[in-house]
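> could you look at this predicted model? Sequence included:
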Amino acid sequence: MDPPLYQLKADFFKTLGHPVRIRVLELLSVREQAVAEMLPQVGVEPAALSQQLAVLRKANLVTTRREGSNVYYRLASPDLADLLHVARGILTGVLQGQAELLAGLRATQ
């Protein structure tokens, strides 16, 4: 029996549940990049980046191509860039709500 859709969605979001993976997906939402290009922007050791890229590859969220000794990564679907954009909008709303709540609490002191 196939897992229910809600389980697949939970697994998908678990895959996204690491800051390095999110940062990599954000970088790849702009353009295809080689590992060497991503390293300074992600700020982790090469082995750590490689590990997180392997997780994203296994989940079929990124694809690769080899050119000489370089491996280039890109998003497997442009929908991932849209998802990150929507998440940013949601977080912006949440943080604005929290800022308003904080301002209200400070005003009542």
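Received it, and whenever you're ready, just let me know what you need. Numbers count the residues shown, from 1 in each chain.

> which stretches of the chain form helices?
With DSSP state H applied, the chain shows helices at 5-16, 19-30, 35-42, 46-58, 79-107, listed in chain order.

> angle of the lowest-mean-pLDDT helix or strand in the chain against helix 5-16?
In the chain, no helix or strand scores lower on mean pLDDT, DSSP states H and E than helix 79-107, which sits at a mean of 91. Here helix 79-107 runs at an angle of 80 degrees relative to helix 5-16 (axes from the mean of the first three to the mean of the last three Cα atoms, to 10 degrees).

> who does helix 79-107 touch, helix- and strand-wise?
helix 19-30 (3 or more Cβ pairs under 8 Å, 6 or more residues apart in numbering; DSSP states H and E). C-beta coordinates here come from the backbone N, C-alpha and C atoms, glycine included.

> which secondary structure elements does the helix it packs on contact?
So helix 19-30, by 3+ Cβ pairs under 8 Å, 6+ apart, packs with helix 5-16, helix 35-42, helix 46-58, strand 62-67, strand 70-75, helix 79-107.

> angle of it against strand 62-67?
Using the same axes, to 10 degrees: helix 19-30 against strand 62-67 is 70 degrees.

> list of residues touching helix 19-30?
Among residues not part of helix 19-30, those counted as contacts by Cβ atoms under 8 Å, 6 or more residues apart in numbering are 15-16, 33, 38, 41-42, 44, 48-49, 52-53, 55-56, 61-62, 73-75, 80-81, 84.

> one more: stretch 79-93?
In contact with stretch 79-93 (Cβ under 8 Å, 6+ apart) are residues Ile22, Leu25, Glu26, Ser29, Leu61, Leu75.

> now with 10 Å, please.
Stretch 79-93 is touched from outside by 12, 16, 22, 25-26, 28-30, 56, 61-62, 75, 77, with contacts defined as Cβ atoms under 10 Å, 6 or more residues apart in numbering.
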